[in-house]
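**Q** Give the three-dimensional model of this entry:
(chains A and B)
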Amino acid sequence: DVKVTQSSRYLVKRTGEKVFLECVQDMDHENMFWYRQDPGLGLRLIYFSYDVKMKEKGDIPEGYSVSREKKERFSLILESASTNQTSMYLCASSPLGPGELFFGEGSRLTVL
Amino acid sequence: AQKITQTQPGMFVQEKEAVTLDCTYDTSDPSYGLFWYKQPSSGEMIFLIYQGSYDQQNATEGRYSLNFQKARKSANLVISASQLGDSAMYFCAMRERDTGNQFYFGTGTSLTVIP
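**A** From the prediction side, this is the model:
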């Protein structure tokens, strides 16, 4: 069964902490994505990567960085967490050609 | 401009009835794909149906069908014979060939099925 796995379903962090959200896919997909989901705003793209060590900014990259050292792993980093980064974070992957996004279960982050 | 517009924040439907969730899109790329996802309260995103821009026929998957009107740039999701388990958020999304495989999502429609 193909899967996208996010390391944590629920996290609680304090303002100013460094936060790592890990995502691993086992489908050998080239593309990987990090989205943020907030009520009434839908899914907003933070960063995506189409190859190892490659990354592209999405619509809301401010306050975030990413790392893709291996094809199967895409990490989202909050260098200094702030309360306005409290949200649901969704990782997804897709093949290069036509095809849908495959999502992880999501990581709900609360920053106090 | 919004790439994907879903104008119905919330919808109600009686069990066993059909319901249409609206989606309009904006693109100048002749090659694109349209997707619908379901997100139950548990949070996972479930892929429902796909329509390619060159597909001549409307896509169908079981009780789901996509009413694709290319000239109007609309891609409405039709759910037939609604079930209680259909209560969820529904997101319309688009993938353009020319924008590096990015997916664009709408703001979603919350569907509630009433017994």
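**Q** In contact with the residue most central in space within chain A, which residues are there?
**A** For chain A, A:W34 is the residue whose C-alpha lies nearest the centre (C-alpha atoms, centre = their mean; 3.0 Å). By C-beta atoms under 8 Å, 6 or more residues apart in numbering or on different chains, the contact set of A:W34 is A:21, A:23, A:45-48, A:58, A:64, A:66, A:74, A:76, A:89-91. Any C-beta I mention is one placed from the backbone N, CA and C, and that applies to glycine too.
**Q** ranking those by neighbours, who comes first?
**A** Counting neighbours by other C-beta atoms under 10 Å in any protein chain shown, A:F74 leads the contacts of A:W34 with 29 neighbours.
**Q** so what's that residue up against?
**A** A:23, A:25, A:32-34, A:49, A:66-68, A:91, A:93.
**Q** Pick the one among the residues you listed closest to chain B.
**A** A:F33 (7.1 Å; C-beta to the nearest C-beta).
**Q** Just the buried positions in the helix or strand harbouring that closest one, please.
**A** According to DSSP states H and E, A:F33 maps onto strand A:31-38. Neighbour counts over strand A:31-38 (16 or more other C-beta atoms under 10 Å in any protein chain shown) mark A:31-37 as buried.
**Q** With distance to B:V13 added, can I get those in CSV?
**A** Formatted as CSV, the buried residues of strand A:31-38 follow (distance: C-beta to C-beta, whole Å):
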residue, distance to B:V13
A:N31, 34
A:M32, 35
A:F33, 31
A:W34, 33
A:Y35, 27
A:R36, 29
A:Q37, 24
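**Q** Local confidence estimate at the nearest residue to B:C92 once chain neighbours are set aside?
**A** Nearest residue to B:C92 in three dimensions, chain neighbours excluded: B:C23, at 3.5 Å (C-beta to C-beta, 6 or more residues apart in numbering or on different chains). On pLDDT, B:C23 comes in at 98.
**Q** what's B:C23 in contact with, if anything?
**A** Per C-beta under 8 Å, 6+ apart, neighbours of B:C23: B:4-6, B:34, B:36, B:74-77, B:92, B:106.
**Q** Likewise for B:Q102?
**A** A:45, A:48, A:58, B:95-96.
**Q** now, which of the residues you listed sits nearest B:A18?
**A** B:R95 (27.0 Å; C-beta to C-beta).
**Q** Which of the contacts of A:F74 fall within strands?
**A** Within these, residues falling in strands by DSSP state E are A:23, A:25, A:32-34, A:49, A:66-68, A:91, A:93.
**Q** Give me the distance between A:T5 and A:R73.
**A** Between A:T5 and A:R73 the computed distance is 10 Å (C-beta to C-beta, to the nearest Å).
**Q** and if you look at A:N31?
**A** 13 Å.
**Q** same question, A:E22
**A** 7 Å.
**Q** B:A71 too?
**A** 43 Å.
**Q** try B:C92
**A** Taking C-beta to C-beta, one finds B:C92 at 29 Å from A:R73.
**Q** Neighbouring strands of the helix or strand of chain B with the lowest mean pLDDT in the sheet, and parallel or not?
**A** Ranked by mean pLDDT, DSSP states H and E, the weakest helix or strand in chain B is strand B:103-105, scoring a mean of 91. Within its sheet, strand B:103-105 is paired with strand B:88-96 (antiparallel), according to DSSP bridges.
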